[in-house]
Structure formats: C-alpha cells, structure tokens
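> 3D, please:
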Amino acid sequence: MSERVRLESAAIAPLRYDEKKRTLDVEFRDGNTFRYVRVPEFVYRELLKSELAGAYWNASKDQLST
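Numbers count the residues shown, from 1 in each chain. So this is what the prediction gives:
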C-alpha cells in the first residue's frame, strides 16, 4: 500500500491509494474515512493534480463503490 498523501484541500485530508488492490482510502477533514474499491489509477492521479480536489472528488465518487 502506498503512503498517505496530504492534499491542499478544504474538504479532503490524507488519502492513500493501493495500486494492486485498486482501493482508495479518503479521509475527510470532518473525521470520516471511506474506502472506495475498483478505483482506476487515473482517478487517483487526477485527484492529486486537481486544484479543487473536493470538487473533483464529488464529481467522480458516485461512479465508484465503497
């Protein structure tokens, strides 16, 4: 599993992506943490690059499973 990555985001705290399992653990600033499964690597990469990570995540997450 990869290291936790901190984003400069008002909504998202650290996240972690596991390339082998294709899981993404997203920790939110309100303290909630969710694990999403079958996350394509490009979604993770785009999330890291996004200037508005929270907005990108809100647009992408409904297509994923928790």
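> residues in contact with residue 46?
56, 60 (C-beta atoms under 8 Å, 6 or more residues apart in numbering). C-beta here means a position set from N, CA and C on the backbone, and glycine is covered the same way.
> what helix or strand is it on?
Counting by DSSP states H and E, the element that carries residue 46 is helix 41-49.
> what's the neighbour count on residue 15?
Residue 15 has 24 neighbours, counted by other C-beta atoms under 10 Å.
> please, which helix or strand holds it?
strand 12-18.
> got the buried residues for that strand?
Buried residues in strand 12-18, defined by neighbour count with 16 or more other C-beta atoms under 10 Å: 12-13, 15-17.
> re the thing from before, any idea of the mean pLDDT in the helix holding residue 46?
For helix 41-49, the mean per-residue pLDDT is 90.
> give me the angle between that helix and strand 12-18.
For helix 41-49 against strand 12-18, the angle by axes from the mean of the first three to the mean of the last three C-alpha atoms, to 10 degrees is 150 degrees.
> let's see helix 41-49 as CSV, backbone CA atoms only.
Output in CSV follows, covering the C-alpha atoms of helix 41-49 (Å, rounded to 0.1, in the frame of the first residue of the first chain):
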residue,chain,number,x,y,z
GLU,A,41,-5.4,4.7,-11.2
PHE,A,42,-6.3,7.7,-13.5
VAL,A,43,-8.9,8.8,-11.0
TYR,A,44,-6.3,8.9,-8.2
ARG,A,45,-3.8,10.7,-10.4
GLU,A,46,-6.3,13.3,-11.5
LEU,A,47,-7.3,13.8,-7.8
LEU,A,48,-3.7,14.5,-6.9
LYS,A,49,-3.4,17.1,-9.8
